[in-house]
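# Provided below for reference: sequence and predicted model.
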Amino acid sequence: MTELADWHENVIPKVAAETDLIIDAFADAETHHRRTIKVVTRDGGIDFMYSEGEILVREGYLDRVLEILEQPTRGELERDDHDRIRPVIEGVVLLRPAGERYALALDALEAVDQGLGRGKATPNLVLTVAGGQGAGCSATEPGEVYYDIEPFPSVCPDGGAGVLIYMADTGLLQDAATHPWLAHGVQMQNPTDVDPLLPGNPAEIPACAGHGTFGAGVLRCLAPDAEIVMTRALLYGGSQVESDLVPVLESALGLGPDIFHLTMACLSRYDQPLIGFEAWLAKARQHGAVCIAPAGNCGFARPEWPGAFPGVIAVGALGGDWRGRATFSNFGPTVDVYAPGRDIVNAFATGTYSCYVYPYAGPPPQVRNFYGMAKWSGTSFSAPIVTGLVAARMSRTGETARQAAAAVLAEARAQAIPGVGPVLLPRCGAGCGHGEKEGCRCHAHQCRPGC
């Protein structure tokens with residue numbers, strides 16, 4: 001684990017470009033959200049990203065942490081310098097240590113670890129829309145498709161009625177409702193949750209724009225009657241810091257979602273769990289909600305959060321033939337199930353897109369033209385397949401979210417692929433049961449390629 005002034009030398013060009021996008025987006029944010037994002041490298045990739053000068057602290061250890069870091073008492077900070085301490089969620093606070101000795105977040109954390117052990121304080125980590133090795137957006141940049149192409153997986157005739165899904169992503173495109181499967185039942189939590197496009201004729205599509213619309217479209221193809229509330233939680237290059245993300249999710253508990261679909265992931269310092277998310281998940285469980293998240297696009301067996309938490313369904317990606325794991329997909333004991341995630345086709349923006357990652361960045365950059373649809377790869381898009389299957393089962397059987405999720409995962413284990421793990425394939429209805437083609441695991445209405 002190494003923090004370098006020029007970390008670019010330790011990572012591949014693709015990851016460097018995507019990480020720069022995130023760093024620049026935070027640096028260009030409005031003043032009260034502006035942050036300096038630091039990068040720690042490991043084994044040729046990004047170990048984790050965090051906001052410099054900020055740490056999260058378990059509230060029960062706060063007094064001792066302040067003492068170790070030679071800070072004023074909590075009462076003094078709240079009275080005289082309240083910007084340096086604020087609540088994140090019950091049990092966790094954000095602290096901005098002062099003084100030269102512990103002004104750097106990692107220095108402060110090393111001191112706390114020595115005094116109290118790991119896990120009492122953590123960096124204010126950056127979560128992205130299921131990035132790989134610190135990358136923003138997904139495993140690939142969006143790819144061109146033919147004009148007027150149908151979505152793949154295709155749209156089911158029904159499923160998901162009466163199910164409320166809260167989706168935290170990059171927001172909805174302004175023209176999302178022009179796609180029939182997104183025209184009704186998908187709403188923004190706030191008017192500002194529209195995923196903005198830059199002006200121009202044709203429109204210039206920014207990096208990560210349309211990610212939320214694409215994911216919501218995949219989900220609705222499997223559960224077209226489900227209601228989705230979308231929030232634009234990932235504001236900066238498809239990313240957000242834990243301290244700002246957790247309060248948004250906590251406020252959403254009051255909406256009473258059956259399923260929280262969290263399109264985000266991050267690696268952490270020493271693979272420690274995110275303490276703000278941990279506190280929020282405890283509340284979500286009390287509300288009976290199921291949480292589903294991408295497993296991450298790093299391509300290795302290392303936990304990415306929040307998918308790695310027990311009780312969160314972490315979804316890895318199958319490759320294009322649906323028989324093996326996609327090369328970008330994380331794997332290992334923290335991945336609960338795999339679903340197709342390579343070259344998924346769904347709703348996207350209309351306009352031109354200039355590639356910004358190797359090997360398509362140029363110069364000059366490859367320019368791609370889009371007409372409202374795209375193909376895209378990543379665990380971001382395998383996860384909504386699982387969410388859609390859970391929602392469809394809920395409406396079909398009357399089961400709770402937890403009951404339906406348990407049944408769907410049991411099905412995945414029963415049709416596990418050797419060398420991969422539990423697998424779910426897109427389908428409509430209850431599947432074809434004994435009518436399956438031998439050795440093929442086909443399902444009603446939709447089949448794996450080659451069936």
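Yes, it's here. Residues are numbered from 1 along each chain as shown.
# three-state assignment of residue 248?
At residue 248 the chain is in helix, as set by DSSP: H, G, I helix; E, B strand; the rest coil.
# how deep is it tucked in, by neighbour count?
16 (other CB atoms under 10 Å). (C-beta placed from N, C-alpha, C; glycine too.)
# where's it relative to residue 62, distance?
23 Å (CB to CB, to the nearest Å).
# Where do the helices of the protein begin and end?
13-27, 62-68, 74-80, 105-116, 211-222, 242-252, 275-286, 379-397, 401-414 (DSSP state H).
# Name the residues of the fourth one that come out as buried.
By 16 or more other CB atoms under 10 Å, the buried positions in helix 105-116 come out as 105-106, 108-109, 111-113, 116.
# picking up where we left off before, could the helices of the chain go into JSON lines alongside distance to residue 359 and mean pLDDT?
Putting the helices of the chain into JSON lines (distance: least, CB to CB, whole Å; pLDDT from 0 to 100) gives the following:
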{"stretch": "helix 13-27", "distance to residue 359": "8", "mean pLDDT": "89"}
{"stretch": "helix 62-68", "distance to residue 359": "46", "mean pLDDT": "98"}
{"stretch": "helix 74-80", "distance to residue 359": "49", "mean pLDDT": "93"}
{"stretch": "helix 105-116", "distance to residue 359": "33", "mean pLDDT": "98"}
{"stretch": "helix 211-222", "distance to residue 359": "22", "mean pLDDT": "97"}
{"stretch": "helix 242-252", "distance to residue 359": "32", "mean pLDDT": "97"}
{"stretch": "helix 275-286", "distance to residue 359": "35", "mean pLDDT": "97"}
{"stretch": "helix 379-397", "distance to residue 359": "22", "mean pLDDT": "98"}
{"stretch": "helix 401-414", "distance to residue 359": "35", "mean pLDDT": "98"}
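# Could you say which one of these comes nearest to residue 319?
Nearest to residue 319, of all the helices of the chain, is helix 379-397, at 10.6 Å by CB to CB.
# Run through the neighbouring helices and strands of that closest one.
helix 211-222, strand 259-262, strand 290-294, strand 312-318, strand 337-340, strand 344-354, helix 401-414 (3 or more CB pairs under 8 Å, 6 or more residues apart in numbering; DSSP states H and E).
# now with 7 Å?
Of the remaining helices and strands, those touching helix 379-397 by 3 or more CB pairs under 7 Å, 6 or more residues apart in numbering; DSSP states H and E are helix 211-222, strand 259-262, strand 290-294, strand 312-318, strand 337-340, helix 401-414.
# Give me the angle between it and helix 401-414.
For helix 379-397 against helix 401-414, the angle by axes from the mean of the first three to the mean of the last three CA atoms, to 10 degrees is 110 degrees.
# quick one, helix 379-397 and strand 312-318 angle?
120 degrees.
# What number of residues are in the vicinity of residue 194?
If we define neighbours as other CB under 10 Å, then residue 194 has 16 of them.
# these two touch, right, it and residue 172?
Yes - at 6.1 Å, residue 194 and residue 172 qualify as touching, with contact defined as CB atoms under 7 Å.
# Common neighbours of those two, please.
residue 188 (CB atoms under 7 Å, 6 or more residues apart in numbering).
# on that earlier part again, mind putting the helices and strands packed on helix 379-397 into a markdown table with mean neighbour count and distance to residue 159?
Below are these laid out as a markdown table (neighbours: other CB atoms under 10 Å; distance: least, CB to CB, whole Å):
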| stretch | mean neighbour count | distance to residue 159 |
| --- | --- | --- |
| helix 211-222 | 30 | 7 |
| strand 259-262 | 27 | 13 |
| strand 290-294 | 29 | 16 |
| strand 312-318 | 27 | 18 |
| strand 337-340 | 28 | 16 |
| helix 401-414 | 17 | 12 |
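# Residue 368: which of those is closest?
Using CB to CB, those put helix 211-222 closest to residue 368, at 14.5 Å.
# Just the CA atoms of the closest one, as PDB, please.
Extracted in PDB, the C-alpha atoms of helix 211-222 (Å, rounded to 0.1, in the frame of the first residue of the first chain):
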ATOM      1  CA  HIS A 211     -25.400   5.100 -16.200                       C
ATOM      2  CA  GLY A 212     -28.400   5.400 -13.900                       C
ATOM      3  CA  THR A 213     -30.800   5.300 -16.800                       C
ATOM      4  CA  PHE A 214     -29.100   2.300 -18.300                       C
ATOM      5  CA  GLY A 215     -29.200   0.400 -15.000                       C
ATOM      6  CA  ALA A 216     -32.900   1.300 -14.400                       C
ATOM      7  CA  GLY A 217     -33.700   0.200 -17.900                       C
ATOM      8  CA  VAL A 218     -32.200  -3.300 -17.300                       C
ATOM      9  CA  LEU A 219     -34.100  -3.600 -14.000                       C
ATOM     10  CA  ARG A 220     -37.400  -2.700 -15.600                       C
ATOM     11  CA  CYS A 221     -36.900  -5.200 -18.400                       C
ATOM     12  CA  LEU A 222     -37.100  -7.900 -15.800                       C
END
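# That one vs strand 290-294, what angle?
120 degrees.
# Residue 25 is nearest to which of the helices and strands packed on helix 379-397?
helix 211-222 (13.6 Å).
# what packs against that closest one?
So helix 211-222, by 3+ CB pairs under 7 Å, 6+ apart, packs with strand 164-169, strand 172-173, strand 227-232, strand 344-354, helix 379-397.
# The shortest one pairs with which strands?
Taking DSSP bridges as the criterion, strand 172-173 pairs within the sheet with strand 194-195 (parallel).
# The partner strand: how far from the chain's middle?
With CA atoms, centre = their mean, to the nearest Å as the basis, strand 194-195 stands 17 Å off its chain's centre.
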